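# Structure, please.
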Amino acid sequence: MKTKFIIGLLLILANGVYSQKITLTKEGIPTVSISDTRLLPDLKDKIERWAEQSFRNGYDYQDRGEIIRLETIRRNAFTYSSLGETYSYHVKVRLTFILTEGKRRLQIDVLEFMDGQEPSSLKLESLFTSKGIAKAEMTEAVNALEANIQRVVSRLQILWK
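Here you go, the predicted structure:
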């Protein structure tokens, strides 16, 4: 029992070291800084292996030297209920790693929501009020989408600022 508790605590602490808190706003997700000081080629290899493991449903990978861009669809990224009906959405996201020596960053863009295979009329801005606060009926959806993207970024396991 004590051993399981210690292992669980270590896993939580390790995840805290390796993960950056993802926050979804009306404008999208703020850019996340990477403080990983390892060699650039190693970081590129790590990103490529991570993409292969994390996006088994497919992804587009573009390596442009100091910029690596991934586009993928996160299936069942979030659900929400309205008037007794439940809606489930896939999300098309773009992850852009900017790997210049002085500024290593990850930019995450929510490109579009998809209802099945078709693009949805739902937009990121429609999850929030004009003041930038999640709408009452969309709070669960925003939290689920943040958690989904957080799980993906946490699996990358690099050091974040």
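
# Please, where are all the helices along the chain?
2-18, 40-54, 139-156 (DSSP state H).

# Which of those helices comes out lowest on mean pLDDT?
Looking over these, mean pLDDT reaches its minimum on helix 2-18, with a mean of 41.

# avg pLDDT for stretch 68-81?
Stretch 68-81 comes out at a mean pLDDT of 87.

# i'd like the first residue to be 21 from this point on
Let's use 21 as the start, then, which means that last one is stretch 88-101.

# That stretch: which residues count as buried?
Within stretch 88-101, the residues that count as buried by 16 or more other CB atoms under 10 Å are 88-94, 97-98, 100. Just so you know, the C-beta spots here come from the backbone N, C-alpha and C atoms, and that holds for glycine as well.

# How about stretch 74-87?
74-75.

# Now do the end-to-end distance for it.
Taking CA to CA, to the nearest Å, stretch 74-87 runs 19 Å from one end to the other.

# mind checking how far that stretch is from the chain centre?
Centre-to-centre, stretch 74-87 and its host chain are 14 Å apart (CA atoms, centre = their mean, to the nearest Å).

# do the same with stretch 92-108
That offset, for stretch 92-108, works out to 17 Å (CA atoms, centre = their mean).

# Dump it to PDB, keeping only the CA atoms.
C-alpha atoms of stretch 92-108 as PDB (Å, rounded to 0.1, in the frame of the first residue of the first chain):
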ATOM      1  CA  THR A  92      -3.800  16.000 -36.800                       C
ATOM      2  CA  ILE A  93      -7.400  15.400 -35.800                       C
ATOM      3  CA  ARG A  94      -8.000  14.700 -32.200                       C
ATOM      4  CA  ARG A  95     -11.000  12.300 -32.300                       C
ATOM      5  CA  ASN A  96     -13.700  12.800 -29.600                       C
ATOM      6  CA  ALA A  97     -11.800  15.700 -28.200                       C
ATOM      7  CA  PHE A  98     -14.800  17.000 -26.300                       C
ATOM      8  CA  THR A  99     -18.500  16.500 -25.800                       C
ATOM      9  CA  TYR A 100     -21.200  18.800 -24.300                       C
ATOM     10  CA  SER A 101     -24.900  18.600 -23.600                       C
ATOM     11  CA  SER A 102     -27.500  21.100 -24.500                       C
ATOM     12  CA  LEU A 103     -31.300  20.700 -24.100                       C
ATOM     13  CA  GLY A 104     -30.900  17.000 -23.300                       C
ATOM     14  CA  GLU A 105     -28.900  16.300 -26.400                       C
ATOM     15  CA  THR A 106     -25.200  15.300 -26.300                       C
ATOM     16  CA  TYR A 107     -22.800  16.500 -29.000                       C
ATOM     17  CA  SER A 108     -19.400  15.100 -29.700                       C
END
